[in-house]
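*Asks:* Turn this into a model:
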Amino acid sequence: MTWSTADIPDLTGQRALVTGATSGLGYETAKVLLQHGAEVVLAARNPEKTAEAARRLTVETHRVPITVELDLADLASVQRAAAEVADRYDALDVLVNNAGVMATPYRQTMDGFELQIGTNHLGHFALTARLMPLLRKGRVVTVSSFMHKSASGIREFDLRLPANGYSKWPQYSRSKLANLLFMFELGRRVPSVLSVGAHPGYASTHLQAAGPELAGAKLQARIWQGINLFAQSAAAGAWPSLYAATRPDLQQGAYVGPSFFEYRGAPKLVQATRAAQNAELARELWAWSVEATDVDPALSVRS
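*Replies:* Got it, this is the predicted structure:
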C-alpha cells in the first residue's frame, strides 16, 4: 500500500526541530508536521529568511512555528542555538537534521573545517549532541543523499581537507556518507533514541544552484534550474523525511528513500551502501567528530 502524508498520525503534543527549514525540503517537512499538530522549531542561518518562512507557514497551516538562529558552519552558533532550545523546552520528540550545502566552491567553516563536511556532518553531529538531553526517548532523522553511493570511504584528513586536495562532488558524497555512518552509529551508541535516515531522491530545490551561485557561475546556476524541471517537487522530496520522522513502526537504522529507483515517488525502505554500514569506519568517524566538535552525543544523553 502506497504511503502518503494522510497516513501521518496526529502529532498534537509532539515537538520537532527541523534544520534548514526556510525553503525546499526543510520547509515542506516543517509544513506537514505543523499541519498534523506538531509544535515545530525552524532552525536556520538567516534570521530574516527564517522569520519570512515562519510567516508563510503560519498563513498556510494556521499554526505558529518557533524560530532559532543556527549556522551549522559555526560550532559556537550551534551551541547558542541548542541552549536557546533547551531554555524553551524540556524535551524534543523529533530532530530532523535536514540542512546542507552541495558542491560548493572551496570554503572553510568558522572552525577551520572544509565547508561541506563541516556543515553537513560536523554541524549536525554537534547539534545532536547538544540537544541529546532533550531527545532521551525521541527520534533523530538524518537526511543523506543517493550521492553517498559514490563515496567508498572517508578519512580524518577529509574533515580539514585543504584547497589543493578539494574536488567538490567527491567531497559532497563523502559528507553524505558521513551522515549515514553517523546515523547508524548513533543508534548503536544511544539505543534509547530512534536513529533513522532518509534521502529525497532528486527533488527540485535551490540546493543544486546554490553552489554555482556561491562561485559566481551564473550560467551553471541557470542550467541547474533548467534540469530541476525534470525533478520531483520539494514537497514530494520531503516525503522520505516525513516517513522517517513519523512512521511508528520503524526500526533502529531504517533508511528511507523514494520508491522509483530511489529517484522519485512514494517513500519506502531502501539500502545504504556497504561503506555506509561499515561499523569500524563509523566508530572511527565518531571519534574524529568528538575530537573536532568537543561534544559526544552518547555522553550528552546522560547529562
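*Asks:* What is the burial count for Pro47?
*Replies:* By the criterion of other CB atoms under 10 Å, Pro47 has 11 neighbours. C-beta: built from backbone N, CA, C; applies to glycine.
*Asks:* out of everything not next to it in sequence, what's closest to it?
*Replies:* Counting by CB to CB, 6 or more residues apart in numbering, Pro47 lies nearest to Glu69, which is 5.3 Å off, once chain neighbours are set aside.
*Asks:* what about that neighbour, neighbour count?
*Replies:* Other residues near Glu69 come to 14 when the count uses other CB under 10 Å.
*Asks:* which ones are touching it?
*Replies:* Contact analysis of Glu69 by CB atoms under 8 Å, 6 or more residues apart in numbering lists 43-45, 47, 50, 77, 80-81.
*Asks:* Which among these count as buried?
*Replies:* In the contacts of Glu69, burial by neighbour count holds for 43-45, 50, 77, 80-81, counting by 16 or more other CB atoms under 10 Å.
*Asks:* Tell me the one of these nearest Ile8?
*Replies:* Ala43 (21.0 Å; CB to CB).
*Asks:* List the residues that contact that closest one.
*Replies:* Residues counted as contacts of Ala43 (CB under 8 Å, 6+ apart) are 17-21, 67-70, 81, 85, 99, 127.
*Asks:* Could you write out the alpha-carbon coordinates of the helix or strand encompassing Trp288 in CSV?
*Replies:* Assessed by DSSP states H and E, Trp288 sits inside helix 279-293. Only the C-alpha atoms of helix 279-293 are listed here, as CSV (Å, rounded to 0.1, in the frame of the first residue of the first chain):
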residue,chain,number,x,y,z
ALA,A,279,30.8,-0.3,11.7
GLU,A,280,34.5,0.1,12.1
LEU,A,281,34.6,3.2,9.9
ALA,A,282,31.6,4.6,11.8
ARG,A,283,33.4,4.2,15.1
GLU,A,284,36.4,6.0,13.6
LEU,A,285,34.3,8.8,12.3
TRP,A,286,32.6,9.2,15.6
ALA,A,287,35.9,9.5,17.4
TRP,A,288,37.2,12.1,14.9
SER,A,289,33.9,14.0,15.2
VAL,A,290,34.1,14.1,19.0
GLU,A,291,37.6,15.5,18.8
ALA,A,292,36.6,18.0,16.2
THR,A,293,33.4,19.3,18.0
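*Asks:* Give me the buried stretch members for the following helix or strand past it, please.
*Replies:* Later in the chain than helix 279-293, the nearest helix or strand by DSSP H and E is helix 297-300. By 16+ other CB under 10 Å, the buried positions in helix 297-300 come out as 297-298, 300.
*Asks:* Ok, stretch 71-89 next?
*Replies:* Per 16+ other CB under 10 Å, stretch 71-89 contains these buried residues: 71-75, 77-82, 84-85, 89.
*Asks:* Over to stretch 173-189?
*Replies:* Neighbour-count burial for stretch 173-189 [16+ other CB under 10 Å]: 173-187, 189.
*Asks:* Quick check: which ranges of the stretch 1-150 of the chain have low pLDDT?
*Replies:* Along the stretch 1-150 of the chain, the model assigns pLDDT under 70 to residues 1.
*Asks:* quick one on the thing from earlier: got the buried residues of helix 297-300 as TSV, with pLDDT columns?
*Replies:* Converted to TSV, the buried residues of helix 297-300 look like this (pLDDT from 0 to 100):
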residue	pLDDT
Pro297	97
Ala298	95
Ser300	82
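*Asks:* For Ala254, state which of those is nearest.
*Replies:* When the buried residues of helix 297-300 are compared for distance to Ala254 (CB to CB), Pro297 wins out at 18.4 Å.
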